[in-house]
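**Q** need coordinates for the below:
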Amino acid sequence: RPCDEHEDIPLTCDIVCGRPSKPFQDALKSFRCEVVVDVHPPCGHSFQDTCANQNDYAGGRMAWRRCEVKVDVLPPCGHSFRDSCANRDDYYERRKTWRRCTKVVDK
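**A** Numbers count the residues shown, from 1 in each chain. A predicted model of the protein is given here:
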């Protein structure tokens, strides 16, 4: 079986082969588990994706998706704003220029 995580789920020929266009053993070599699982990227948030994609992320065969969870971002001026987790990391790692702060301040 290509997926040890979901051995309890019956694996039928039609799931592996789709239309029987090639021998079962050949189709099994390229089978990708489509069970939806919680995936935990390095940022610590989570999202749902297929088991096969989770294994590709973890194994470095696929780049992590950009995390779109809204978080607080604190720029150097000290006026926080909400943006995606991925954008926050871009600001902090200097891959993105800080946006202009339009906070109204007292004199």
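**Q** and residue 90, how far from residue 57?
**A** For residue 90, the distance to residue 57 equals 19 Å [C-beta to C-beta, to the nearest Å]. C-beta coordinates here come from the backbone N, C-alpha and C atoms, glycine included.
**Q** now the helices for this structure?
**A** Secondary structure of the chain (DSSP state H): helices at 13-17, 24-29, 51-58, 85-92.
**Q** go through the shortest one and flag the buried ones.
**A** Of the residues in helix 13-17, 16, 17 count as buried by neighbour count, 16 or more other C-beta atoms under 10 Å.
**Q** re the thing from before, would you list the helices of the chain in TSV and tack on mean pLDDT?
**A** Output for the helices of the chain, formatted as TSV (pLDDT from 0 to 100):
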stretch	mean pLDDT
helix 13-17	75
helix 24-29	76
helix 51-58	92
helix 85-92	93
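**Q** among those, which is nearest residue 105?
**A** Closest of the helices of the chain to residue 105 is helix 85-92, at 20.5 Å (criterion: C-beta to C-beta).
**Q** do me a favour and get the end-to-end distance for stretch 24-41?
**A** Stretch 24-41 stretches 33 Å from its first residue to its last (C-alpha to C-alpha, to the nearest Å).
**Q** circling back to that earlier point, can I get the helices of the chain in JSON lines with distance to residue 106?
**A** Listed next are the helices of the chain as JSON lines, based on distance: least, C-beta to C-beta, whole Å:
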{"stretch": "helix 13-17", "distance to residue 106": "64"}
{"stretch": "helix 24-29", "distance to residue 106": "67"}
{"stretch": "helix 51-58", "distance to residue 106": "47"}
{"stretch": "helix 85-92", "distance to residue 106": "26"}
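**Q** show me where pLDDT drops low in the protein?
**A** Where the chain drops to pLDDT under 70, the residues are 1-2, 19-20, 107.
**Q** let's see that with 90 instead.
**A** 1-34, 95-96, 99-107 (pLDDT under 90).
**Q** pull the residues that contact stretch 32-46.
**A** 2-3, 5-6, 9, 47-55, 57, 64-65, 67, 69, 85-86, 89 (C-beta atoms under 8 Å, 6 or more residues apart in numbering).
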